[in-house]
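Visitor: Prediction below, plus the sequence it came from.
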Amino acid sequence: MKTCILTTDTYLNHDTGQGHPERANRVTVIIDHLKKLKSKDLIWKKPTKFDLEYLAFAHDKNYLDNVKDSFPKQGLNFLDGDTIVSPGSKEATRDAVGSILTAIDGVMKKDFNNAFCAVRPPGHHAEKQKAMGFCVYNNIAVGAYYLLEKYNLKKVAIIDFDVHHGNGTQDIFYDNEKVLYISTHQYPYYPGTGKNSEKGKYNNVLNIPLPAGTTSEEYLDAYEYVLKKLKEFKPEFILFSAGFDAHEDDPLAQLKLKSEDFYNLTKRTIRAAQLSSKGKVVSILEGGYDLNALKESAEMHVNALLEF
């Protein structure tokens, strides 16, 4: 089956400064590694330009104006303690959003079965009115709104397996019954949100907080709750916030997943909702900060996508 890899040229120009964990070679190692697969079922694309009105579905207008004015002419500018933008960030942030919208269009038009967006900066910490946690625009939230507004879908599921809770995505969809947000994450940990008592206005949020040291077996057992909720919701489209920092080698967290676990959880998730979604899936990179673990885990994730 055909899987599209969406990449950008501009991710290299998003400079976060020396020693910052969210750096350009995170994406470079994934792209270089996936190109070695040489699968005839892999398609490569760049994002196309999009109508900026879609940013305003996910973010407050004042916030968008502030972000637009924040890109410096030279040097670096801090949007918060660890979210940094440079002159090249303006195009990189827009192209990250554009990648998920281009991917959605391709899946909806049946140009390919599913897609993985290997882009940066990540997005799931960006709230309606706030940048944080390396994230400027909430890429996946804009993608979900795109499905609701352009394609008139009624049920979209976001599965976030990044090791950090996607507080921004939860914030944006907390009272939206058309979007199911599910997160597995280390807790208590950054950003401090994601208790299982946070359920959304329409019971449309499922948080599965996991303690530091959670093993593969324990994680996959807990993941059964994700699959059960997904089957009940019956989404027409699945979006993955694909962070690979729950890997045992990741320096920023303490869960103990192995690279092959990302193959298993991807496959199980798509299969659980295959009847309702007809396999329509788009995934976008979030975290992951050990380069070897990142490229291996991303390959496992893509291998599972290739099977649908």
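Guide: Cool, got the structure. Residues are numbered from 1 along each chain as shown.
Visitor: Provide the partner residues of the residue nearest to the spatial centre of the chain in its beta bridges.
Guide: Geometric centre of the chain, nearest residue: Ser241, 2.6 Å, by Cα atoms, centre = their mean. Taking DSSP bridges as the rule, Ser241 bridges to Asp160, Ile284.
Visitor: just checking, it touches Gly166?
Guide: Yes: using Cβ atoms under 8 Å, Ser241 makes contact with Gly166 at a distance of 5.6 Å. (C-beta placed from N, C-alpha, C; glycine too.)
Visitor: Now do the residue nearest to Ile100 when sequence neighbours are not counted: how many residues are near it, please.
Guide: Distance criterion Cβ to Cβ, 6 or more residues apart in numbering; nearest residue to Ile100, sequence neighbours excluded, is Gly143 at 3.9 Å. Other residues within reach of Gly143, judged by other Cβ atoms under 10 Å, total 27.
Visitor: For Tyr174, see how far away Gly143 is.
Guide: Using Cβ to Cβ, to the nearest Å, Gly143 is found at 17 Å from Tyr174.
Visitor: do the same with Asp111
Guide: Asp111 is 33 Å from Tyr174, by Cβ to Cβ.
Visitor: And for Gln74?
Guide: Note on Gln74: its distance to Tyr174, by Cβ to Cβ, is 38 Å.
Visitor: quick one: which of the two has more around it?
Guide: More crowded of Gln74 and Tyr174, by other Cβ under 10 Å: Tyr174, with 17 against 7.
Visitor: okay, the more buried one: pLDDT?
Guide: We have a pLDDT of 98 for Tyr174.
Visitor: got a list of what it touches?
Guide: Going by Cβ atoms under 8 Å, 6 or more residues apart in numbering, Tyr174 touches Gly200, Lys201, Asn204, Val205.
Visitor: and the residue nearest to the first one when sequence neighbours are not counted, backbone torsions?
Guide: Going back to what we said before, that points to Gly200. Counting by Cβ to Cβ, 6+ apart, the nearest residue to Gly200 once its immediate chain neighbours are dropped is Tyr174, at 5.3 Å. When read as degrees, to the nearest 10, the backbone of Tyr174 gives phi -60, psi -30.
Visitor: Look up the closest residue to Ile84, ignoring the ones flanking it.
Guide: Once flanking residues are discounted, Ile84 sits nearest to Thr16: 4.6 Å by Cβ to Cβ, 6+ apart.
Visitor: That neighbour in helix, strand or coil?
Guide: coil (DSSP: H, G, I helix; E, B strand; the rest coil).
Visitor: In PDB, list the C-alpha atoms belonging to the host helix or strand of Val107.
Guide: For Val107, the element it lies in under DSSP states H and E is helix 89-108. Extracted C-alpha coordinates of helix 89-108, given in PDB (Å, rounded to 0.1, in the frame of the first residue of the first chain):
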ATOM      1  CA  SER A  89      11.300  29.900  11.500                       C
ATOM      2  CA  LYS A  90       8.500  31.800   9.800                       C
ATOM      3  CA  GLU A  91       8.600  29.500   6.700                       C
ATOM      4  CA  ALA A  92       9.500  26.400   8.700                       C
ATOM      5  CA  THR A  93       6.500  26.800  11.100                       C
ATOM      6  CA  ARG A  94       4.100  27.300   8.200                       C
ATOM      7  CA  ASP A  95       5.500  24.400   6.200                       C
ATOM      8  CA  ALA A  96       5.100  22.100   9.200                       C
ATOM      9  CA  VAL A  97       1.400  23.000   9.200                       C
ATOM     10  CA  GLY A  98       1.300  22.800   5.400                       C
ATOM     11  CA  SER A  99       2.700  19.300   5.500                       C
ATOM     12  CA  ILE A 100      -0.200  17.800   7.400                       C
ATOM     13  CA  LEU A 101      -2.800  19.600   5.200                       C
ATOM     14  CA  THR A 102      -1.100  18.400   2.000                       C
ATOM     15  CA  ALA A 103      -1.000  14.900   3.500                       C
ATOM     16  CA  ILE A 104      -4.700  15.000   4.400                       C
ATOM     17  CA  ASP A 105      -5.600  16.200   0.900                       C
ATOM     18  CA  GLY A 106      -3.600  13.300  -0.600                       C
ATOM     19  CA  VAL A 107      -5.300  10.700   1.600                       C
ATOM     20  CA  MET A 108      -8.800  12.200   0.900                       C
END
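Visitor: Which strands and helices lie in contact with the helix or strand that that helix is followed by?
Guide: Once the chain leaves helix 89-108, the next helix or strand it forms, by DSSP H and E, is strand 114-117. Applying 3 or more Cβ pairs under 8 Å, 6 or more residues apart in numbering; DSSP states H and E, one finds that strand 114-117 makes contact with strand 3-6, helix 89-108, strand 281-285, helix 291-306.
Visitor: Return strand 114-117 as PDB; C-alpha atoms alone will do.
Guide: Taking Å, rounded to 0.1, in the frame of the first residue of the first chain, the C-alpha atoms of strand 114-117 are listed here in PDB:
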ATOM      1  CA  ASN A 114      -1.700   7.300   4.500                       C
ATOM      2  CA  ALA A 115       1.200   9.600   5.300                       C
ATOM      3  CA  PHE A 116       3.900  10.500   7.800                       C
ATOM      4  CA  CYS A 117       5.100  14.100   8.100                       C
END
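Visitor: Lovely, talk soon.
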